[in-house]
Each structure stands twice: as C-alpha cells, then as structure tokens.
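S.K.: pasting the sequence and the predicted model now:
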Amino acid sequence: MTSAAALRPQPRPGILAIDAYTPGRSQVAGVAKIHKMSSNESPLGPSPKAVEAFRASIGDLARYPDGSASVLREAIGRRYGLEPSRIICGNGSDELLALLAHAFLQPGDEGLYSEYGFLEYPICIRAAGGVPVTAKETDKTVSVDAMLAKAGARTKIVYLANPNNPTGTYIPFSEVKRLQAGLPAHALLVIDAAYAEYVTRNDYAAGIELAATCENVVMTRTFSKIHGLASLRIGWAYGPPHVLDALNRIRGPFNVNGPALAAGAASLGDTAHIEAAIAHNSLWAPWLSDAISALGIEVMPSAGNFLLLQFKDAGSARDADGFLSARGFILRAMGAYGLPDCLRLTVGDEEANQGVVAALAEFMRGDHG
Ligand SMILES: Cc1ncc(COP(=O)(O)O)c(C=O)c1O
C-alpha cells in the first residue's frame, strides 16, 4: 500500500476480503428479446391488487413511512396466524439476514452454513466480523449430521436455506427439528424460507413452529419470489421477542418504504394470485425438469421455482450459457458456488420455458453437451 493509501480511512479488517454478491444478469448486448431466468423472480409478476396499492401510495411520497410497518406486520399475522409483535419487516430478507449477523456475531465468532448454501450468508458473516464455516452436503442436500459436526462453542449463527438456493433441494421438517435440537443453545438458527410457498411436499414446513417455540430460532421470508415484488424489497422475519428486540434496535428506522408496505399488505390479500403462482410452478417445474433430463442434462430435484442443471463439465456449462444467452435466455452461472459445471434456471412463463428447452435441445444436438 502506498503511504497515501495507508493514511486514508480503512474499512475493518476482512471487509475487502468479501466477494460482493453478483446479481443475475438481465441483459445481453445485441439481443433484443430477453427471457430473464437468472434470479428466481415470478413469471406471473405481482398481484394487480399490489400494483393498485402501490399506485395509491404515490400521493404520500413526501412523508416518512410507518417505521413500525404495522399494517404489513398485521397483514402477515392474519395470513399466517402469527402474533404481529413477533414479526419484523426488512428491506428484502437480505437486510434481515445481515442484521441478524450484525446483532449476534462478535469478531471471531463462527457463522455456519452448508456447502452450497445461499452466497449471501458468508457475506453477512464476514461483514459482521465473523468467520464463515461450511458443512459438506450429501447429494447437494443439507446434511444435518455434517452441520452438527461443525457446530461448537464458537458457533453463534447458523443459516439454513430450506429449500436451498441454488440447489433447489430441501430437508424435511423432522430434520430441521433435529438440527435445532442438536445445536448449542447459544447458536441462533436462521431458517431462510424464501421459497416456502412453492413447496408441495407434505414432510416440509417453513419453520413457524420452531420459531414460535424456541429461543434460538428465527424464520425469514420474502415478497420477492411468490409475490412477484422483488423490486420493492420486502422481507420479514418471525421469531422470539429477544431476537426481534435486538434487530429493532439496529435496523434503519424507516427500512421499508411506504409503497412497499402498501403493496405487500395488498398482495397478502390476493390469495387467488398466490395460488395461481403456485399452480404455474407446480406445472412447469416438473415439465422443465423432465424435458431437460430427456436431453441428457442432469437436473437436481427441486422444491423451489428454479432448477439446477448439471452439464458434463465446466466447459460445457459455459458453452451452454453462451449459447442460450445469444438466443435471449439468461440463466445463472454457478462458478461462485463452486459448481462451475452447473447453471441455474428459473421457471419462466410458457414462452420462456418452451423456448429454453428448444434452445437446450439445439445446443445438445450440436454435440456441445
Ligand atoms: C435463499 C434466499 N434467501 C434470501 C433471498 C433474498 O431475498 P430478498 O429479495 O427478500 O432479499 C434469496 C434471493 O434470491 C434467496 O434465494
């Protein structure tokens, strides 16, 4: 470092070792018609009721929003039968995942997550001065035994995405309970259930029961996926009062904006729209999985609104990514997750789904696979 650089303000040690999160691409130079299948957004978009509430809120843009998000917390409480005082809203669930690390990690404490866990977790852990620790997965699925083997006196936070992004796999609720039961009482288990609404397996539960009854469990949810409101940045967490108390002390006083509060609350009231989004996914996720498997590409079984495709090697995945991009289909490259032979595909609308399968078939016919 030059002497001038050494004298200027320095971020805390470790901050510059963080690899910033790379969002899914949304454009390809020279390609006009794009199907963005890279960020697990909803192909159905938001509820018309949410759009109407958003529009109605624009008369209030000069005023600060309700810092306690009470209308939204009450709407969430009504929908899920939860006590609103145990709910906190955030600027996307990303914000809450980060606040949890800031509140519960001291420098040097460990934050645990699984091998292919969501990449925001190491960012949150490092940003809070913690040390990220990973536990091996089995068949790209969280192994509770491996997680418990890595949990110890220094483990203060454990992130579990269920279902997990980017693998799409999930663990049954009995396994989540076994994880909680085996963790030290001082370790906070964060159940990130961003894709919970899409799951149609009867051994799955998002985690409400644990977050309601355990002092060391909090569940996070989002309006970015099934509600089709990713741009508004709305997430929420449900957990014990002592966890919420800590988060409420450090969050921004107006962390969720007014139009987001209004649109989120209205969206929860549009059950038909949510059911349509679930039905769309239940139809097209298996359709895509079957069609792509039939081409000789390995597809992980997914409980979410996306599929992890495994190609024969990293070169083949890279070529497929380029081939699809040139035809307007943007998938997510998985190198940052240590899965360079994989691409992640979000379930799209009918045109995008049919088109991406046709393009993949062409790619495989061209002896690229
Ligand atoms: C597992 C998981 N958790 C959290 C998030 C973040 O969601 P939000 O838009 O609410 O910040 C995502 C988004 O992709 C995700 O996949």
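M.R.: Here it is on my side, so go on.
S.K.: any idea how far residue 274 is from the residue lying closest to residue 260 once chain neighbours are set aside?
M.R.: Distances taken as CB to CB, 6 or more residues apart in numbering put residue 232 closest to residue 260, at 4.1 Å, once the chain neighbours are dropped. To be clear about C-beta, it is placed using only N, CA and C from the backbone, and glycine gets the same treatment. Distance check for residue 232 against residue 274: by CB to CB, to the nearest Å, it reads 16 Å.
S.K.: compute the number of surrounding residues for the residue nearest to residue 260.
M.R.: The tally of other residues near residue 232 (other CB atoms under 10 Å) stands at 23.
S.K.: please see if stretch 326-338 touches the ligand.
M.R.: No. Using CB under 6 Å from any ligand atom, stretch 326-338 never reaches the ligand; the gap is at least 9.9 Å.
S.K.: could you report the pLDDT at residue 369?
M.R.: pLDDT recorded at residue 369 is 51.
S.K.: show me the strands in the stretch 251-369 of the chain, by range?
M.R.: 298-299, 306-310, 329-330, 332-333, 342-346 (DSSP state E, counting those that start in this stretch).
S.K.: what's the longest helix seen in the chain packed up against?
M.R.: Longest among the helix segments of the chain by residue count, using DSSP state H, is helix 271-293. Packing partners of helix 271-293 (3 or more CB pairs under 8 Å, 6 or more residues apart in numbering; DSSP states H and E): strand 298-299, strand 306-310, helix 350-365.
S.K.: starting at the chain centroid, how far to it?
M.R.: Its chain's C-alpha centre and that of helix 271-293 lie 18 Å apart, by CA atoms, centre = their mean, to the nearest Å.
S.K.: pLDDT averaged over that helix - what is it?
M.R.: For helix 271-293, mean pLDDT rounds to 98.
S.K.: again, but for stretch 214-233
M.R.: pLDDT averaged over stretch 214-233 gives 98.
S.K.: likewise for stretch 191-207?
M.R.: On average, the pLDDT along stretch 191-207 is 98.
S.K.: redo the strands of the stretch 251-369 of the chain as CSV? Include mean neighbour count, distance to residue 148 and mean pLDDT.
M.R.: Shown next, in CSV, are the strands of the stretch 251-369 of the chain (neighbours: other CB atoms under 10 Å; distance: least, CB to CB, whole Å; pLDDT from 0 to 100):
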stretch, mean neighbour count, distance to residue 148, mean pLDDT
strand 298-299, 16, 29, 98
strand 306-310, 25, 25, 98
strand 329-330, 26, 38, 98
strand 332-333, 24, 30, 96
strand 342-346, 27, 27, 98
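S.K.: what's the closest of those strands to residue 126?
M.R.: Of all the strands of the stretch 251-369 of the chain, strand 332-333 sits nearest to residue 126, with 22.0 Å by CB to CB.
S.K.: list the helices and strands the closest one packs on?
M.R.: helix 314-326, strand 342-346.
S.K.: buried deepest among the ones you listed, which one?
M.R.: Mean neighbours per residue, mean count of other CB atoms under 10 Å, is largest over the helices and strands packed on strand 332-333 for strand 342-346, with a mean of 27.
S.K.: that one near the ligand anywhere?
M.R.: No. Judged by CB under 6 Å from any ligand atom, strand 342-346 makes no contact with the ligand; its nearest approach is 9.8 Å.
S.K.: contacts only, for the residue of the stretch 251-369 of the chain found nearest the ligand.
M.R.: Here the stretch 251-369 of the chain gets closest to the ligand at one residue, residue 304, 8.2 Å apart by CB to the nearest ligand atom. Residues near residue 304 by CB atoms under 8 Å, 6 or more residues apart in numbering: 40, 163, 165, 168, 195, 198, 199, 285.
S.K.: OK, contacts around the first one?
M.R.: Shown here is residue 40, whose contacts under the criterion CB under 8 Å, 6+ apart are 165, 195, 225, 304, 305, 306, 346.
S.K.: then the last one?
M.R.: Going by CB under 8 Å, 6+ apart, residue 285 touches 198, 302, 304, 305, 307, 347.
S.K.: same question, the third one
M.R.: Residue 165 makes contacts with 40, 118, 194, 195, 304, 306, 344, as judged by CB under 8 Å, 6+ apart.
S.K.: hmm, back to that, can you add secondary structure and give the contacts of residue 304 back as CSV?
M.R.: Shown next, in CSV, are those (DSSP: H, G, I helix; E, B strand; the rest coil):
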residue, secondary structure
40, coil
163, coil
165, coil
168, coil
195, coil
198, helix
199, coil
285, helix
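S.K.: and those residues, which is closest to residue 17?
M.R.: residue 165 (23.1 Å).
S.K.: could you check how far the closest one is from residue 129?
M.R.: On the measure of CB to CB, residue 165 and residue 129 end up 25 Å apart.
S.K.: give me the low-pLDDT residue ranges for the stretch 101-250 of the chain?
M.R.: Within the stretch 101-250 of the chain, no stretch has pLDDT under 70.
S.K.: run through the strands of it in chain order.
M.R.: Taking DSSP E, counting those that start in this stretch as the test, the strands found in the stretch 101-250 of the chain are 110-114, 131-135, 155-161, 188-192, 217-222, 235-238.
S.K.: tell me the pLDDT at the residue of the stretch 251-369 of the chain closest to the ligand?
M.R.: According to the prediction, residue 304 has pLDDT 98.
S.K.: what sits closest to it if chain neighbours are left out?
M.R.: Closest to residue 304 by CB to CB, 6+ apart is residue 195, at 3.9 Å.
S.K.: what distance do you get for that neighbour to residue 150?
M.R.: 24 Å.
S.K.: so between the two, which is more surrounded?
M.R.: residue 195 (26 against 17).
S.K.: what residues does this structure put near the ligand?
M.R.: 40, 92-94, 118, 161, 165, 192, 194, 222, 224, 230, 235.
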